[in-house]
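Engineer: output the structure for:
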Amino acid sequence: MPNMLDYLSQRGGLSFDEAPLSPVDALILSTLSYVQFDNLISQNLREAPKISELSQMLLELPFEAQKSRLRDRRDGELLEAMGKSRRFGPLRLTGARELTDDQRELQFAAITLLLENGGALLAFRGTDGTLTGWKEDLNLSFLDVIPGQEASRAYLEDMARLCPGKLYVAGHSKGGNLAVYGAVRSRDDTRKRVEAVYNYDGPGFRKKMLEDQGYQEMLGRIHTFVPQDSVVGMLFEHEEPYTVVQSKEEGLPQHEPYSWQVSGDGFVELGQITKESRMTDETIKSWLAALSIEERERFIDTLYEILRSSGADHISDLAKPKNVLAILRKLGGEDEETKQMLMNTLLRLAGAAAGTWLGQGLRNR
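Structural biologist: Sure thing, here's the model as predicted:
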């Protein structure tokens, strides 16, 4: 089944005048936002490089320098295919912004594609795999606003001043949440210019956000897409309807955009998420409902500090033997109250899971 790369091969010869912006186009740019473009893209719109030029610049970098900028080798293939296409190649990329602050628990990045009609497509990066980015995601469970959300609002306002046309906003994973937040909390005049928000398997919000006037105004323009076994996209609350996209993977790997199946100028759509996705959603929501805001914050902060004590900066580093040993030593050295808190919280998660599975079993009898 074809994916984004096949889409570029099949429809890359069509300009945006010939074929309007599609949800697949917005997913392509959302995925491209994972590439580290710092020092390659000018903040000056007149000096912004074309995608074709940017692709060549990246490909000409030494292998290690090129690799360090890519989350996945396919991101390099994606940029190359975009550069060679008539659809994306002549368009300019600008506004690369990256902010990381361990103290503020902030991980933020975004890029902007200048469209031929004077409009712009803004794409927000999802979690980059750093512990800081992971912690900021978890903070969504107890904070009304995380630093990345405020950064997304500021970025949207900045780009709106530079780009006079229609605005489209998109993001994958946490980037989808940031895209929605930025559009919803932007100034009235900016929000009116936002034609559409594309949220690709991004988590929702606490209920307070759903009652926001800006959210209600944007509701009809928010387009959310999730794979059939979605976990991340089911987190927290959504009011907008969502489209279920077929993925070639199973379970959590479905979160990867390259696994999403494309047909024509859209996705291969399914009627609903799977039973497993619904049960995971119910389990997490039941667990969070059983915890006070203070309990959520304490559990997440404590877990984060234990993981950071290993010296790891990236989620992938946690599996290294030396880091595992450091985590176990730190956990063993915690006071009894902290150990009990961690254990009780995890037991509540286990209890929520057991209750969900039992309830599902009774409903199926």
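Engineer: now the strands for the protein?
Structural biologist: Assigned by DSSP state E, the chain shows strands spanning 92-101, 106-114, 120-124, 167-172, 194-200, 222-227, 242-245, 262-263, 266-267, 269-270.
Engineer: listing partners with orientation, what would you give for the last one?
Structural biologist: In this case it means strand 269-270. Sheet pairing for strand 269-270, assigned by DSSP bridges, gives strand 242-245 (antiparallel).
Engineer: run through who's touching the strand it pairs with.
Structural biologist: Residues from elsewhere that reach strand 242-245, judged by CB atoms under 8 Å, 6 or more residues apart in numbering: 223-228, 230, 233, 260-261, 267-273. Just so you know, the C-beta spots here come from the backbone N, C-alpha and C atoms, and that holds for glycine as well.
Engineer: pull out the buried members of the residues you listed.
Structural biologist: Neighbour counting by 16 or more other CB atoms under 10 Å classes 223-228, 230, 233, 260-261, 267-268, 270, 273 among the contacts of strand 242-245 as buried.
Engineer: tell me, how many residues neighbour Leu143?
Structural biologist: Around Leu143 there are 16 other residues, counting by other CB atoms under 10 Å.
Engineer: what residues are up against the nearest residue to Ala109 once chain neighbours are set aside?
Structural biologist: The shortest distance from Ala109 to any non-neighbouring residue, by CB to CB, 6 or more residues apart in numbering, is to Arg125 (3.8 Å). For Arg125, the contact set (CB under 8 Å, 6+ apart) comprises Ser33, Tyr34, Phe108, Ala109, Ala110, Gly171, Lys174, Gly175.
Engineer: do that again at 7 Å, thanks
Structural biologist: With contacts defined as CB atoms under 7 Å, 6 or more residues apart in numbering, Arg125 is in contact with Ser33, Tyr34, Ala109, Ala110, Gly175.
Engineer: that one and Asp101: what is the separation?
Structural biologist: Distance from Arg125 to Asp101, counting by CB to CB, to the nearest Å: 15 Å.
Engineer: can you pick the most crowded of the contacts of Arg125?
Structural biologist: Taking other CB under 10 Å to define a neighbour, the member of those with the most is Gly175, carrying 30 neighbours.
Engineer: and the gap between the residue nearest to Ala109 and Glu105?
Structural biologist: Taking CB to CB as the measure, Arg125 falls 16 Å from Glu105.
Engineer: likewise Ser277?
Structural biologist: On the measure of CB to CB, Ser277 and Glu105 end up 28 Å apart.
Engineer: do Gln254 as well
Structural biologist: Counting by CB to CB, the gap between Gln254 and Glu105 amounts to 27 Å.
Engineer: more neighbours, the two?
Structural biologist: When Gln254 and Glu105 are compared for neighbours, Gln254 comes out ahead with 25 against 22, by other CB under 10 Å.
Engineer: that one and Pro227 touch, don't they?
Structural biologist: Yes - contact between Gln254 and Pro227 holds when scored by CB atoms under 7 Å: they sit 3.7 Å apart.
Engineer: which neighbours do those two share?
Structural biologist: Residues touching both Gln254 and Pro227 comprise Ser247, with contact defined as CB under 7 Å, 6+ apart.
Engineer: picking up where we left off before, looking at the buried ones among the contacts of strand 242-245, which one is closest to Arg71?
Structural biologist: The nearest member of the buried ones among the contacts of strand 242-245 to Arg71, counting by CB to CB, is Trp260 at 16.2 Å.
Engineer: skipping adjacent residues, who's closest to that closest one in space?
Structural biologist: Setting aside the residues directly before and after it, Trp260 is nearest to Val245 in space (CB to CB, 6+ apart), at 5.1 Å.
Engineer: show me what the one you found is bridged to.
Structural biologist: Beta bridges link Val245 to Pro227, Glu269 when assigned by DSSP bridges.
Engineer: report how many residues lie close to Phe88.
Structural biologist: 26.
Engineer: thank you kindly, that will do.
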